[in-house]
Structure formats: C-alpha cells, structure tokens
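# For reference, the sequence and a predicted model appear below.
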Amino acid sequence: MNAISTILRDTVSRNTRLKKFAITQNLPRFERTLIQMANKKKSTARIPKFITYEEEALFWDTHSSEGFPEEFKPVQVKFRRPLRIRLAVPLEQPMVRQLENIGKERGIEPIAQARQWIIEHLAPTQP
C-alpha cells in the first residue's frame, strides 16, 4: 500500500492531511489535483419532481432517503396530549352487574353506558 492510499482511507481531517502531503512530497500538479478531486465531497442527487403518485411510489421503491441527505432538514415535533383521558372508577360488584344488565338492555357496553351518564350529568345546562 502506498502513502497516497493510506492517507485517502483516513477520513479524519482528510483535507488538511492531503494538502500537507501533496506539498511536502513535491507532487506534480496533476497528482495534487487528483488528490483534491478525491477529497471533494460527492454531490448528492436531488429528488426529482413527480407527476403522479405512482411515479413517486416507484421512485421510492427503488431509492433510499439516505441517498438524499441534503434534501431533508431536521424539524421539531410537538405532540399534543390525547383528547381523552381514561378514568378508572372503582365500583362494587353489584353495581358493575347492574351496569352490565342496563347496557345489555340498551345494546351497548357497560363502559359506554357509564360514560353516557357522566356526560349527561356533567354537561352544561342550556338555557
């Protein structure tokens, strides 16, 4: 393995090392240019504009978003709290059975019946 390939495989401060190597070794201009070209970051492809959803789906079926790092930017995501909060209400067994029987008569689950009663009793009264 020659000195150039040793330096090229090292990615830590690669640009600085290559410039110093090219200068200290008195390399011809052509070889220095090759080293600089090898050091340049490959340009990333751009995501094409799509006409149809099918065309876009076919593209993403055959490509990875990792191939387009400069096309994406980090975003901050805020999550809202759920609109509904579960409430556990301890009930005695006879009350649970009574709630189940009323729910069966009306064709709804016992929990739905209990929710309906709570909403009815806590809903603001309309004038």
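Nice, thanks for sending it over. Numbering: from 1, shown residues only.
# doesn't Phe68 make contact with Ile47?
Yes. Ile47 is in contact with Phe68 according to Cβ atoms under 8 Å; the separation is 5.5 Å. Yep, even glycine has a C-beta here, placed from its N, CA and C like the rest.
# Show me how this structure divides into domains.
3-39, 93-122 (automatic domain parsing).
# weakest of these in terms of mean pLDDT?
Ranked by mean pLDDT, the domains of the chain bottom out at domain 3-39, with a mean of 57.
# measure stretch 57-76 end to end?
Length of stretch 57-76, first residue to last, Cα to Cα, to the nearest Å: 26 Å.
# Quick check: the nearest residue to Glu100 once chain neighbours are set aside vs Phe79, distance?
Excluding its sequence neighbours, the residue lying closest to Glu100 (Cβ to Cβ, 6 or more residues apart in numbering) is Pro110, at 4.8 Å. Distance of Pro110 to Phe79, given as Cβ to Cβ, to the nearest Å: 31 Å.
# The two: who's more crowded?
Using other Cβ atoms under 10 Å as the criterion, Pro110 and Phe79 rank with Pro110 on top: 17 against 5.
# In contact with that one, which residues are there?
96, 99-100, 102-103 (Cβ atoms under 8 Å, 6 or more residues apart in numbering).
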